[in-house]
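Student: Let me see the structure of the following:
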Amino acid sequence: MTTPASGDDLPVRRIDRILAIMSLGLLVLSLICFVAIIIGSAVKADFSAGVWPTVGVVVYIAPILAFGLLLAVLIMTFVRRARAGKGR
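Tutor: Now for the predicted structure:
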């Protein structure tokens, strides 16, 4: 099995970078919110008032959205590589 030369690689598109960075940002935001909930639990904060309900929702929703964004990047990359492979 031969390996393709580095010149045969497809360039990374801007939308791929944007989706990957958004995915990473959502994961980091989710981790920050998770740590905030742990700290809030330690100081016995009232989770039914203020910004806490939003923080709780972010912990559940952000990783799912990040996974969806990564799947979108992977699917777009596979489709682009398949189309480039047919052209050769």
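
Student: Distance of the residue nearest the centre of the chain relative to residue 86?
Tutor: Central residue of the chain (C-alpha atoms, centre = their mean): residue 23, 1.9 Å from the mean position. Applying C-beta to C-beta, to the nearest Å, the value for residue 23 to residue 86 is 28 Å. C-beta coordinates here come from the backbone N, C-alpha and C atoms, glycine included.

Student: Same check on residue 17?
Tutor: For residue 17 relative to residue 86 (C-beta to C-beta), the value is 25 Å.

Student: more neighbours, these two?
Tutor: Taking other C-beta atoms under 10 Å, residue 17 and residue 86 do not tie; residue 17 has more neighbours (11 against 7).

Student: What's the local residue count around residue 69?
Tutor: The tally of other residues near residue 69 (other C-beta under 10 Å) stands at 20.

Student: Likewise for residue 62?
Tutor: 21.

Student: my guess is it meets residue 28, correct?
Tutor: No: applying C-beta atoms under 8 Å, one finds residue 62 not in contact with residue 28, separated by 9.1 Å.

Student: Could you tell me the average pLDDT over the strand or helix carrying residue 76, please?
Tutor: For residue 76, the host element (DSSP states H and E) is helix 52-86. For helix 52-86, the mean per-residue pLDDT is 93.

Student: same check, this time on stretch 36-43
Tutor: Mean predicted confidence for stretch 36-43 is 95.

Student: tell me which residues of it are tucked away?
Tutor: Within stretch 36-43, the residues scored as buried using 16 or more other C-beta atoms under 10 Å are 36-37, 40.

Student: List the neighbours of that stretch that are in contact with it.
Tutor: Stretch 36-43 is contacted from outside by 47, 52, 55-56, 59, using C-beta atoms under 8 Å, 6 or more residues apart in numbering.
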